[in-house]
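Student: 3D model of this:
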Amino acid sequence: MTPKNRICIWYDREAEQAARFYASVFPDSRVGAIHRAPSDSPGGKAGDVLLVEFSVCGIPCVGLNGGPEFPHTEAFSFQIATDTQEETDRYWSAIVDNGGRESQCGWCKDRFGVNWQIVPRTLTEAMAAGGDEAQRVFATMMTMKKIDVAAIDAARRR
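Tutor: Just a heads-up that it's a prediction; the model follows:
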């Protein structure tokens, strides 16, 4: 059954590879139906993979192989909450070490061009606390690429 709402992500031609990668990395993620183009189009040929239904951490998505016209930007990202440094490291490494690249403040980009935020819950909790705690944590975060949980926790306690 098609969900009432799902995220549609435009890929050049690698929607199936991306979906399979995400399903291999994140819990509660899977690849569903794969739909092939019924005829030729500007982005591909009849029989090529056109749509891929998948989920990332339980969020329903569809990948559309639409061609190179619309590349990914940081205007869209998946935000993955983590509980430990080990979990943060695991997801970060899965993305960055498999053809992706680091950015700032917990952001990275996968080899397909999709942006990710790998965010320890302690960071989110500190920002929600507001005041001096949020200011200290924010200043600490601004110096990081991958988030260092111990450094965030230390900033929370200062």
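
Student: which ones are touching S39?
Tutor: Contacts for S39 (CB atoms under 8 Å, 6 or more residues apart in numbering) come out as A46. All C-beta atoms are positioned from the backbone trio N, CA, C, and that covers glycine.

Student: That one belongs to a strand, doesn't it?
Tutor: No. Assigned with DSSP: H, G, I helix; E, B strand; the rest coil, S39 falls outside any strand and is coil.

Student: And it, how far from A154?
Tutor: 59 Å (CB to CB, to the nearest Å).

Student: R20 belongs to a helix?
Tutor: Yes. Counting by three-state DSSP, R20 is part of a helix.

Student: Quick check: the gap between it and S41.
Tutor: R20 is 23 Å from S41, by CB to CB.

Student: try G106
Tutor: 37 Å.

Student: now do N65
Tutor: Counting by CB to CB, the gap from N65 to S41 is 10 Å.

Student: Those two: who's more crowded?
Tutor: N65 (22 against 14; other CB atoms under 10 Å).

Student: show me the residues around the more buried one that make contact.
Tutor: Counted by CB under 8 Å, 6+ apart, N65 has contacts Y11, D12, R13, E14, A15, G43, G44, D48, V49, L50, L51, V52.
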